[in-house]
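*Asks:* I'd like to go over a predicted model; first the sequence, then the structure.
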Amino acid sequence: MLELAILGFLYDAPLHGYELRKRITALTAHVRPVAESTLYPAIKRLEKSGLLVRATEPGAVAAPRHVLSLTDQGRRELRRRLAEPDQRDITDENRWFTVLAFLRHLDDAAAQAVVLRRRLAFLEEPASFFYEGDRPVRAEELDDPFRRGVLTIARATSRAEVGWLRETLDSLGG
């Protein structure tokens, strides 16, 4: 998820590390904080893989800044990851939001629709956070108001997303 966010934000424009961290934090920190100890090793991995490059620019007040930008290979890799997301990128809500935040960079509507249909298929499968044996438990079956709340909120969120997915798939022609 972190590497996808790095590639996605750098696809738009070159950024220095601080600005990149701010943008990733705005997107994902409500769930997973972005520490320098995780961000900079990920940047180095992507740089070593030839997906991004670092250039030094003079700082406005202080020391020189390192500005990161994607290589052509990095741009292709982002589009590949968006077109072929891992199953966890489809099923994990936080990873899904990261894919969704950059799906516009996949400039083929049919390819975008394939990804959206995968998410829609996942959401349409019967599921729950709670089970009796192998059977998913519905909110209406629970006496526990807190667990019922979890399922009620999750159902409302899923219904909203399913509606958005269907509407967007219609607009994409897929």
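*Replies:* It's in.
*Asks:* Give me the contacts around the one helix or strand Q73 maps to.
*Replies:* Q73 belongs to helix 72-83 when assigned by DSSP states H and E. Helix 72-83 has contacts (Cβ atoms under 8 Å, 6 or more residues apart in numbering) with 4, 7-8, 10-11, 46, 50-52, 70, 99, 102-103, 105-106, 108, 111, 114-115. The C-beta positions use only the backbone N, C-alpha and C, and glycine is treated the same way.
*Asks:* How about that helix, which residues are buried there?
*Replies:* Residues G74, R75, E77, L78, R79, R81, L82 are the ones in helix 72-83 that count as buried (16 or more other Cβ atoms under 10 Å).
*Asks:* Quick one: mean pLDDT for it?
*Replies:* Helix 72-83 shows an average pLDDT of 97 in the prediction.
*Asks:* Pull out the buried residues from the helix or strand where A121 lies.
*Replies:* A121 is part of helix 109-124 when elements are defined by DSSP H and E. Of the residues in helix 109-124, A111, Q112, A113, V114, V115, L116, R118, R119, L120, L123 count as buried by neighbour count, 16+ other Cβ under 10 Å.
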